[in-house]
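Enquirer: Model the following, please.
(one chain, ligands or ions: 1)
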Amino acid sequence: MSECGASGPSSIECRQIAELLGEYLEGTLPQQTRELLEWHIEGCAPCVAFVNTYRGTITAARKLRDVDIPPELKKRLLAVLRAQRAAKP
Ligand SMILES: [Zn+2]
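Expert: Numbers count the residues shown, from 1 in each chain. Below you'll find the model as predicted:
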């Protein structure tokens with residue numbers, strides 16, 4: 001359960017994503033940690049789905065459970081997440 005199957009080295013594990021997500025969404029994470037988290041999520045479909053479910057704002061999250069997400073979609077989802085976060089005060 002400690003690995004999400006993404007290829008390449010990972011400095012953050014999936015369960016850490018869950019622990020850090022609250023601070024991440026609040027924008028209180030240090031930049032380095034935030035980048036690590038984003039880097040992990042970019043390569044980890046389960047975490048993308050988790051983030052979207054956590055936020056509860058993206059209906060696509062429901063589809064992620066049984067569909068393989070194309071990398072392009074993952075990038076779009078991340079862009080949406082970043083835009084939403086940036087839009088928050
Ligand atoms: Zn993950």
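Enquirer: Could you double-check that Cys47 sits in contact with Glu13?
Expert: No. In this structure, Cys47 is not within contact of Glu13 by Cβ atoms under 8 Å, at 9.8 Å. C-beta: built from backbone N, CA, C; applies to glycine.
Enquirer: burial measure for Gly56, as a count.
Expert: The number of residues packed near Gly56 is 8, by other Cβ atoms under 10 Å.
Enquirer: Give me the more crowded residue out of Cys47 and Glu13.
Expert: Cys47 (24 against 16).
Enquirer: buried sites along the strand or helix carrying Leu37?
Expert: In this structure, Leu37 sits in helix 31-42 according to DSSP states H and E. Neighbour counts over helix 31-42 (16 or more other Cβ atoms under 10 Å) mark Thr33, Arg34, Leu36, Leu37, Glu38, His40, Ile41 as buried.
Enquirer: Give me the neighbour count for the spatially closest residue to the fifth one that is not a sequence neighbour.
Expert: By that I understand Glu38. Ranked by Cβ to Cβ, 6 or more residues apart in numbering and with sequence neighbours excluded, the top spatial neighbour of Glu38 is Leu78, at 7.0 Å. Neighbourhood size, Leu78 [other Cβ under 10 Å]: 15.
Enquirer: hmm, back to that, with the buried residues of helix 31-42 in mind, which one is nearest to Arg82?
Expert: Closest approach to Arg82 among the buried residues of helix 31-42 (Cβ to Cβ): Glu38, at 8.0 Å.
Enquirer: That closest one and Glu26, how far apart?
Expert: Glu38 sits 15 Å away from Glu26, going by Cβ to Cβ, to the nearest Å.
Enquirer: pLDDT weak spots in the chain?
Expert: Regions of the chain meeting the criterion pLDDT under 70 cover residues 1-11, 57-70, 73, 88-89.
Enquirer: tilt between the top helix by length along the chain and helix 31-42?
Expert: Counting residues, the longest helix in the chain under DSSP state H turns out to be helix 71-87. Between the axes of helix 71-87 and helix 31-42, defined by axes from the mean of the first three to the mean of the last three Cα atoms, to 10 degrees, the angle is 150 degrees.
Enquirer: by contact count, what packs against helix 71-87?
Expert: When contacts are defined as 3 or more Cβ pairs under 8 Å, 6 or more residues apart in numbering; DSSP states H and E, helix 71-87 sits against helix 31-42, helix 45-55.
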